[in-house]
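Predicted model and sequence below, questions to follow.
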Amino acid sequence: MAIKEKTIHPQTQAAEKYVQKVLESVRERNPHEPEFHQAVKETLLSLVPALTKKPEYIDHGILERLVEPERVISFQVPWTDDQGRVQVNRGFRVQFNSAIGPYKGGIRFHPSVNASIVKFLGFEQIFKNSLTGQPIGGGKGGSDFDPKGKSDQEIMRFTQSFMTELSKHIGPDVDVPAGDIGVSAREIGYMFGQYKKLRGAYEAGVLTGKGPNYGGSLARTEATGYGTVYFVEEMLKAKGLSFEGKTVVVSGSGNVSIFAMEKAQELGAKVVACSDSSGYIYDENGIDLGTLKQIKMENKERINIYIDKHPDAYYFEECKNIWSIPCDIALPCATQNELDGDSARKLVANGVAAIGEGANMPSTIEAIDIFHNHEVLFAPAKAANAGGVAVSALEMAQNSSRISWTFEEVDAQLHEIMIDIHEKSVNAAKEYGHPGNLVIGTNIAGFINVADAMVMQGV
Ligand code: NDP
């Protein structure tokens, strides 16, 4: 039997060739940066339909410009520990793209932080920020400082030293950092205090995630987790499904995870498991969030303490095995590449219906392919966790106008933004010939806005 060859339109061929050329140059120009390569590959491959339809983006060198940060800053962070010894860490800020607004993105304190991690996060932030419909560009920063086991004074001294250098590169109309892994309200407070001292001015809009008593927005703490669940709710609704009565597994037990669990419970789901970097807990009665918040947010303890208070629950070491627990909905909310091909196969074998990425790039490319091949609903991070930065932009708006909205007002705007992001992603997926594929829809919807602004602003 003769095999009929699939004909590829010449413009599609040109777009594919262009993407491959840019990917090749990213690998050559940024050696030893696997996370950055992964993020760029996942995104660029999905942009082929947009480049086919609008070949002028190729002529304008949009992809070459998108994958090269506008500025990368790397700096020394010296500080003194409680024993009086001098310690030195490395700090980063990557200012990736400012086509649609000042750079915006969090700061991560974790020993794994390096140029690759900060660049992958900054690159993804461009598309995510664009999707929110707010005027914010893409950036990210951090340090290889490990906050675990440090005293409050050590955290303060380190954070002040970090800001002493960072302050030279940021500002309310330049670059507006926020929190991420290892950076919450405490660290933002110390950074803001130091920035204010160095500048001699009260520029509230220079950082987001501040305390509500000094310019922070209500509902910012909850925004990423709530937003992820709002997005997944829309995705389920489109298939006639909901959170009501569903079993949910959420990885992590930090800022994003805890508020994703809270909203999922409010919508009638039973969250049976969550984790930290040491292991995971399983509570078939449903996780008691009051106890979990006290352990992880207030006391900053390890998650195994939970079983002392709930003897019916179980603790297991090896956080990755959390994906072997049968569930209807899985929300990876801890860190990058925490859900690989093996984990995806286990989730599929156990009948998972939907995945919502609360963390940044938590699923490997293999895992995403497995979900798509088995028709599991998949909400990609750039869309699903955009609620945090969206409310950060609302915090900037409140700071500029010197007013504060109520929790309910901010939450209602967040909810609308997440519905809008879902709609944009669904429509773009349909318009560009891949109905139902939210990875393609999200990437294209975020890309077009930025690419058009870049074309209009010239080289
Ligand atoms: P937190 O520091 O508050 O919490 C992180 C959680 O993940 C902790 O439970 C931590 O465990 C666990 N974790 C961290 N590293 C690992 C690892 N290598 N393996 C397993 N578990 C790990 O961070 P956030 O909740 O703020 O951030 C979580 C994710 O969400 C990140 O990918 C972040 O980039 C993303 N994100 C965050 C936003 C925000 O507004 N905060 C906005 C958008 C995305 P342990 O307690 O042991 O450290």
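Looks like it came in fine. Numbers count the residues shown, from 1 in each chain.

Mind telling me what element residue 439 is part of?
helix 438-457 (DSSP states H and E).

chain center to that helix, what's the gap?
Relative to the chain's own centre, helix 438-457 is displaced by 18 Å; criterion: C-alpha atoms, centre = their mean, to the nearest Å.

what's in contact with that helix?
For helix 438-457, the external contacting residues (C-beta atoms under 8 Å, 6 or more residues apart in numbering) are 42-43, 46-47, 49-50, 54, 56-57, 60, 62, 65-66, 97, 99-100, 126-128, 130-131, 235, 368, 372, 378-380, 382-383, 421, 424-430, 432, 434. C-beta coordinates here come from the backbone N, C-alpha and C atoms, glycine included.

List the buried residues in that helix.
Neighbour counts over helix 438-457 (16 or more other C-beta atoms under 10 Å) mark 438-455 as buried.

ok, longest helix in this structure?
Criterion DSSP state H: the longest helix present in the chain is helix 407-431.

got the phi/psi numbers for residue 279?
phi -170, psi -170 (degrees, to the nearest 10).

quick one: it and residue 307 touch, right?
No. Counting by C-beta atoms under 8 Å, residue 307 is not a contact partner of residue 279; they are 10.5 Å apart.

overlap in contacts of those two?
With C-beta under 8 Å, 6+ apart, residue 279 and residue 307 have common neighbours residue 315.

So for residue 327, what's the pLDDT?
For residue 327, the model assigns a pLDDT of 98.

So which of the buried residues of helix 438-457 reach the ligand?
Contacts with the ligand within the buried residues of helix 438-457, counted by C-beta under 6 Å from any ligand atom: none were found.

Can you pick out the ones from the contacts of helix 438-457 that are in helices?
Within the contacts of helix 438-457, residues falling in helices by DSSP H are 42-43, 49-50, 56-57, 62, 65-66, 126-128, 130-131, 235, 368, 372, 382-383, 421, 424-430.

Drop anything exposed from these.
In the ones in helices among the contacts of helix 438-457, burial by neighbour count holds for 42-43, 49-50, 57, 62, 66, 126-128, 130-131, 235, 368, 382-383, 421, 424-426, 428-429, counting by 16+ other C-beta under 10 Å.

Pull up the gap between the residue of the stretch 201-350 of the chain found nearest the ligand and residue 409, please.
Ranking the residues of the stretch 201-350 of the chain by distance to the ligand (C-beta to the nearest ligand atom) places residue 254 first, at 1.7 Å. From residue 254 across to residue 409, the span is 26 Å (C-beta to C-beta, to the nearest Å).

swap in residue 172?
For residue 172 relative to residue 409 (C-beta to C-beta), the value is 22 Å.

Ok, residue 382 next?
26 Å.

Same check on residue 346?
41 Å.

Also residue 127?
Applying C-beta to C-beta, the value for residue 127 to residue 409 is 27 Å.

any chance you could map the strands in the protein?
71-80, 86-97, 103-109, 137-143, 175-178, 247-250, 270-275, 279-282, 314-317, 329-331, 354-356, 377-379 (DSSP state E).

Turn those strands into TSV, columns for distance to residue 199.
Formatted as TSV, the strands of the chain follow (distance: least, C-beta to C-beta, whole Å):
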stretch	distance to residue 199
strand 71-80	18
strand 86-97	17
strand 103-109	18
strand 137-143	18
strand 175-178	14
strand 247-250	39
strand 270-275	40
strand 279-282	43
strand 314-317	46
strand 329-331	39
strand 354-356	39
strand 377-379	39
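
I'd like those as JSON lines, with distance to the ligand and mean neighbour count appended.
As requested, the strands of the chain are exported to JSON lines (distance: least, C-beta to the nearest ligand atom, whole Å; neighbours: other C-beta atoms under 10 Å):
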{"stretch": "strand 71-80", "distance to the ligand": "19", "mean neighbour count": "15"}
{"stretch": "strand 86-97", "distance to the ligand": "14", "mean neighbour count": "20"}
{"stretch": "strand 103-109", "distance to the ligand": "6", "mean neighbour count": "28"}
{"stretch": "strand 137-143", "distance to the ligand": "9", "mean neighbour count": "29"}
{"stretch": "strand 175-178", "distance to the ligand": "7", "mean neighbour count": "24"}
{"stretch": "strand 247-250", "distance to the ligand": "10", "mean neighbour count": "26"}
{"stretch": "strand 270-275", "distance to the ligand": "6", "mean neighbour count": "24"}
{"stretch": "strand 279-282", "distance to the ligand": "9", "mean neighbour count": "21"}
{"stretch": "strand 314-317", "distance to the ligand": "12", "mean neighbour count": "14"}
{"stretch": "strand 329-331", "distance to the ligand": "11", "mean neighbour count": "29"}
{"stretch": "strand 354-356", "distance to the ligand": "12", "mean neighbour count": "26"}
{"stretch": "strand 377-379", "distance to the ligand": "13", "mean neighbour count": "23"}
